[in-house]
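1. okay, structure incoming, though there's no sequence with it:
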């Protein structure tokens, strides 16, 4: 963390960005439902696909901009927009960034392991949570 950004300021940046990101995600889903109709939205997760694609593009733009032009405010913008806004909008954007960074560093085996584990553990975790709740019901 930057010396000029206190831990409280960092938390506030993440919280504000996260709140806006969550609202944007919700509004995108509502807008797509109004545009495509409930039947299309039930048949395929269009909103989640859109959020993941938009969020990943935005994360790439932000990471590139911060790397070349972030300057003194770079850490604050990273927390507000990257961790907060895009984290509230979609965590897939963070996954995409981390995966690409591993690939760019030439750590292909680690990148493949990260992608495989992320998907496998995410889906397995969801199934496990559903099974536990169904068993408790």
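-> Everything's here; your move. Keep in mind it's a predicted model, so treat the numbers as computed, not measured.
2. center of this protein - which residue?
-> Nearest to the mean C-alpha position of the chain, by CA atoms, centre = their mean, lies residue 91 at 2.1 Å.
3. report the buried residues of the one helix or strand residue 76 maps to.
-> Residue 76 is part of helix 74-77 when elements are defined by DSSP states H and E. Across helix 74-77, burial judged by 16 or more other CB atoms under 10 Å covers 75-77. Every residue, glycine included, has its C-beta placed from N, CA and C.
4. same for it, what does it pack against?
-> helix 46-69 (3 or more CB pairs under 8 Å, 6 or more residues apart in numbering; DSSP states H and E).
5. for the helix it packs on, list every residue counted as buried.
-> Within helix 46-69, the residues that qualify as buried by neighbour count (16+ other CB under 10 Å) are 46-48, 50-52, 54-56, 58-59, 62-63, 66.
6. so which of those comes closest to residue 131?
-> residue 48 (22.3 Å; CB to CB).
7. now that closest one: how far from residue 89?
-> Residue 48 sits at a distance of 11 Å from residue 89 (criterion: CB to CB, to the nearest Å).
8. and if you look at residue 83?
-> Going from residue 83 to residue 89 by CB to CB gives 11 Å.
9. again, but for residue 50
-> According to CB to CB, residue 50 and residue 89 sit 11 Å apart.
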